[in-house]
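Q: Sequence and predicted structure are below.
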Amino acid sequence: VLVRSRADGSDRRQLTFGPMRAYNPQWSPDGSRLAFEATSGPGAPRKIYLLPRDGGAPALAAPDRSDRQSYPSWSSRGNSIVFSDLDETGSKSALYTVDLENRSVSMLPGTDGLRLGQISPDGRQIVALADYTLVLYDAVSHNVRTLAKTADYPHWSADGTFVCFRT
């Protein structure tokens, strides 16, 4: 269940309801929406959903496909989301972007084998994992370089100068 409240605990509101199971919520840059990964019910693959800040019916961010989507990351303008995509067999991962205006989905070039991508605040780089190796993907050149040999769950600092991750 996804719940939203003010930092002091007031204005608590349940946003999702069973049988949906929600994970990894991310606020849009303007704070008006949430992106999150969820299963619609038992045995269903994870998908990226969007939800207004005050609740409502969760909507798929991308057209329904048979893949497994996870770990959403908003672009700085809030017009697209990067997400990890795993094929039906669970053996092939890559990073994809969904344009929220026309709901078109495209794979980011050179991201085969990457997952858990997070867009930098300036939108020029994406920190991601290749297996459990932390890498930096350049959104312009599509080059990838290693940052750390063992990592998980990467996130950018608000100013884009640091990356935080679990080892």
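A: That came in fine, so what should we check first? Numbering: from 1, shown residues only.
Q: how close does M20 get to A38?
A: 5 Å (CB to CB, to the nearest Å). Quick note: C-beta positions are derived from backbone N, CA and C, even for glycine.
Q: What does the pLDDT read for D64?
A: Here, the pLDDT recorded for D64 equals 83.
Q: which residues touch it?
A: K47 (CB atoms under 8 Å, 6 or more residues apart in numbering).
Q: Is it within a helix or a strand, and which one?
A: Using DSSP states H and E, D64 sits within no helix or strand.
Q: give me phi/psi at it?
A: Main-chain dihedrals, D64, degrees, to the nearest 10: phi -70, psi 130.
Q: just to revisit the earlier point, find the residues that touch each one of M20 and A38.
A: By CB under 8 Å, 6+ apart, M20 and A38 have these common neighbours: P58.
Q: Among the two, which residue is more densely surrounded?
A: A38 (23 against 17; other CB atoms under 10 Å).
Q: How about that one: what's its closest non-neighbour residue?
A: Distance criterion CB to CB, 6 or more residues apart in numbering; nearest residue to A38, sequence neighbours excluded, is A22 at 4.4 Å.
Q: Can you tell me the SS state at the one you found?
A: Counting by DSSP: H, G, I helix; E, B strand; the rest coil, the backbone at A22 sits in strand.
Q: isn't L108 right up against V98?
A: No. Using CB atoms under 8 Å, L108 is not in contact with V98, being 11.3 Å away.
Q: Between these two, which is the more surrounded one?
A: V98 (23 against 18).
Q: counting contacts, what elements does the helix or strand hosting the more buried one pack onto?
A: Element membership of V98, judged by DSSP H and E, is strand 93-99. Helices and strands touching strand 93-99, by 3 or more CB pairs under 8 Å, 6 or more residues apart in numbering; DSSP states H and E, are strand 80-86, strand 105-107, strand 114-119.
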